[in-house]
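sequence first, predicted model second:
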Amino acid sequence: MNAILYPVAASAEEALAKPRGRAARKREATALAGETVRFVTEPVGPAFATREAALDAYAGRLDDERAGRRFEPPPPDRWCALVERIEVGAPTGPVEPTFREGRRWPAPPARRPATVFRLSVSYWKVGEPTAARATTAEPAAAPPDDQARAVRRRLDGARLTAAELRALAQQPLRPVRPQQALEIGLFEAPLPESPHIVIPDE
């Protein structure tokens with residue numbers, strides 16, 4: 001079986017140490033947990049300054065291509081990954097475009113931001129019952145009347161709340177105007193000097 005068997009657990013630590021079981025599909029994970037599950041990917045464990053240190057700490061769980069320590073986990077066990085992230089506290093502000101000297105973006109900083117390596121675990125997380133989530137969830141907001149393209153052009157588009165942004169992202173796409181029926185064929189075009197005459201263009 002080549003499918004990945006993801007752990008079923010209440011937290012990433014439990015998935016790594018002692019999961020309740022492993023399942024490839026949601027229905028199998030739900031049967032193992034006896035309640036609702038959802039697929040998540042979360043970091044777990046300490047942060048390591050180097051990739052080598054992280055590979056040594058989690059030997060037998062990750063792909064290791066180093067000489068003398070080469071290891072490749074079987075397909076069902078590929079639910080762990082090593083992720084490199086910017087260290088907490090490092091400056092990560094946005095970079096403004098410059099449009100000077102033929103360059104759109106400024107030169108990258110001379111000093112690379114400090115990064116750390118953490119283990120990322122994908123698993124079936126045992127969630128709260130549906131009724132409990134419904135009582136604690138944030139009330140849904142009504143989406144704006146305009147489409148997203150119109151909201152972004154308005155001056156108050158930057159002042160939307162998080163609930164309004166989620167509602168705007170979930171609303172169905174609507175056409176700007178009713179689609180007009182095709183009056184000419186796919187490979188036909190009107191003459192520029194006589195638009196009432198249609199000729200084949202190929």
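Thanks, I have it.

CA atoms for contacts and neighbours, from now on please.
Will do.

grab the CA positions of stretch 187-201 and hand them over as CSV.
Extracted in CSV, the C-alpha atoms of stretch 187-201 (Å, rounded to 0.1, in the frame of the first residue of the first chain):
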residue,chain,number,x,y,z
PHE,A,187,-13.0,31.5,-36.3
GLU,A,188,-14.7,34.5,-37.8
ALA,A,189,-14.1,38.2,-37.4
PRO,A,190,-15.8,41.4,-38.6
LEU,A,191,-14.0,43.6,-41.2
PRO,A,192,-12.5,46.7,-39.6
GLU,A,193,-13.7,48.9,-42.4
SER,A,194,-17.1,47.2,-42.6
PRO,A,195,-18.1,45.8,-39.2
HIS,A,196,-21.4,44.4,-40.6
ILE,A,197,-19.4,41.9,-42.8
VAL,A,198,-18.0,38.8,-41.1
ILE,A,199,-15.1,36.9,-42.7
PRO,A,200,-13.1,33.8,-41.6
ASP,A,201,-9.9,34.7,-39.9
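
now it, how far from the centre of its chain.
Relative to the chain's own centre, stretch 187-201 is displaced by 46 Å; criterion: Cα atoms, centre = their mean, to the nearest Å.

what segments of the protein are strands?
6-9, 21-23, 37-48, 80-86, 115-126, 188-190, 198-200 (DSSP state E).

highest mean neighbour count out of those?
Across these, averaging neighbours per residue (mean count of other Cα atoms under 10 Å) puts strand 6-9 on top, at a mean of 27.

tell me which residues are up against that strand.
When contacts are defined by Cα atoms under 8 Å, 6 or more residues apart in numbering, strand 6-9 is touched by residues 15-16, 19-24, 29, 32-33, 76-77, 79, 122-126.

and if you look at stretch 56-75?
2, 3, 4, 55, 77, 78, 80, 81, 82.

what mean pLDDT would you report for it?
The average of the pLDDT scores along stretch 56-75 is 90.

got the contact list for the spatially closest residue to residue 97 that is not a sequence neighbour?
Leaving aside its sequence neighbours, residue 97 sits nearest to residue 105 (Cα to Cα, 6 or more residues apart in numbering; 4.8 Å). For residue 105, the contact set (Cα under 8 Å, 6+ apart) comprises 95, 96, 97, 98, 99.

in a markdown table, list the contacts of stretch 56-75 along with distance to residue 37.
Converted to a markdown table, the contacts of stretch 56-75 look like this (distance: Cα to Cα, whole Å):
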| residue | distance to residue 37 |
| --- | --- |
| 2 | 22 |
| 3 | 18 |
| 4 | 17 |
| 55 | 30 |
| 77 | 20 |
| 78 | 20 |
| 80 | 19 |
| 81 | 21 |
| 82 | 24 |
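
grab the most central residue of this protein for me.
In the chain, the C-alpha nearest the mean C-alpha coordinate belongs to residue 41, at 10.2 Å (Cα atoms, centre = their mean).
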